[in-house]
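*Asks:* sequence isn't available, so here's the structure alone:
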């Protein structure tokens, strides 16, 4: 019912056209992070998605990493990709970066999504404020 109401509204549209990222205020990265041979998260999808967002960057955009990964990924991996684009956006002014890990606990029937706390953090105060507002 929720998906149908969104699909029928002008508030939601599905697309594979990454150029449409220039139209949105918030981009949420939630892609697979499979484990590699040494049991470390493979960040290929996260980094590739970040590159596509950087290529289609909108001034003032909030970018939130929700994929499951280790602490520091947003600052160590996403920030350099975003910062090293021709637009050279300034963190907290031109772009806002935050992380908010997925709230999934597959197979646990005693916890529903509404009972799992939503953690949010930004790379600076302005990014934290933007992410909390979302």
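*Replies:* Arrived safely. Here the structure is a predicted model, which means the values were calculated and not measured. Numbers count the residues shown, from 1 in each chain.

*Asks:* list the contacts for the nearest residue to residue 79 once chain neighbours are set aside?
*Replies:* Spatial nearest neighbour of residue 79, chain neighbours left out: residue 97 (6.0 Å); criterion: CB to CB, 6 or more residues apart in numbering. Just so you know, the C-beta spots here come from the backbone N, C-alpha and C atoms, and that holds for glycine as well. For residue 97, the contacting residues are 62-65, 74-75, 78-79, 82, 91, 122-123, 127, by CB atoms under 8 Å, 6 or more residues apart in numbering.

*Asks:* check for me that residue 97 belongs to a strand.
*Replies:* Yes - under DSSP: H, G, I helix; E, B strand; the rest coil, residue 97 sits within a strand.

*Asks:* for residue 68, give its distance to residue 45.
*Replies:* 11 Å (CB to CB, to the nearest Å).

*Asks:* overlap in contacts, the two.
*Replies:* residue 33.

*Asks:* okay, buried residues for stretch 59-70 please.
*Replies:* Buried residues in stretch 59-70, counted by 16 or more other CB atoms under 10 Å: 61, 62, 63, 64, 65, 66, 67, 69.
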